[in-house]
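Undergrad: no sequence on this one, just coordinates:
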């Protein structure tokens, strides 16, 4: 791609894909009053179109279809990161499980009831025990599935009618991939930042420590074939999306 003049930038921040450090770098490239991260928590994002239209950099845990509703997307260079699906799911499970730590007791109470119950369910699951892990996966329902079932695909495919992602949702997600100007992989975040900075004319990225990194995965061994088979339904479509992005990056002139 040819280098662009300074342009507005939209980063769809899929949760647990190393987006915190990416947010920091992108935000540094624009005046502070023209940037907004984590807009899912900002009431102005949904209530004040005039405020949204003043932004030059915007990011958040927002699905693509909502960005499309709120922004004049042709004005934005649209980017996101995807992560190897089993590692992504493990990180997500560990983050929710960690909310039950004693020092976070009051913090956990600020979350919706279903997250509190899911966190307790994860706390009571021995991730070393295949039977308990399998029972956990089979027990997931409703909003729990919205968090853990093919989470990355949901960002591209939403709105999704049922609790579980289906083939038609994957098809919609696959088409949405091509509406982004650049998609990188968490495992190659430095390459992603370097290429986006080149295209956008930003300053050279300086390596940063990743933020919001899980301290423990509570024994969940995703190198185990048995564990991967148990978890596979939760990453079935994410694995296909990830493979498509890997192919896009390997053959950039074909996309």
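TA: Ah, there it is. In this text the structure is predicted, and so the values were computed from the model without any measurement. Numbering: from 1, shown residues only.
Undergrad: helices and strands around the longest helix anywhere in the chain, which ones?
TA: Determined from DSSP state H, the single longest helix within the chain is helix 225-250. Judged by 3 or more Cβ pairs under 8 Å, 6 or more residues apart in numbering; DSSP states H and E, helix 225-250 is in contact with strand 76-82, helix 85-98, helix 130-139, helix 151-157, helix 167-177, strand 182-185. The C-beta positions use only the backbone N, C-alpha and C, and glycine is treated the same way.
Undergrad: Take those and write them to TSV, including mean pLDDT and distance to residue 239.
TA: Shown next, in TSV, are the helices and strands packed on helix 225-250 (pLDDT from 0 to 100; distance: least, Cβ to Cβ, whole Å):
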stretch	mean pLDDT	distance to residue 239
strand 76-82	98	11
helix 85-98	97	5
helix 130-139	98	16
helix 151-157	98	9
helix 167-177	98	10
strand 182-185	97	13
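Undergrad: Just the mean pLDDT for the longest helix of the chain, thanks.
TA: Helix 225-250 shows a mean pLDDT of 97.
Undergrad: which residue ranges form the helices in the stretch 1-150 of the chain?
TA: 19-27, 43-47, 49-54, 64-70, 85-98, 105-108, 113-123, 130-139, 142-148 (DSSP state H, counting those that start in this stretch).
Undergrad: Quick check: which of these is nearest to residue 188?
TA: Minimum separation from residue 188 across the helices of the stretch 1-150 of the chain (Cβ to Cβ) falls at helix 19-27, 12.1 Å.
Undergrad: which residue sits farthest out from the middle of the chain?
TA: residue 131 (28.6 Å; Cα atoms, centre = their mean).
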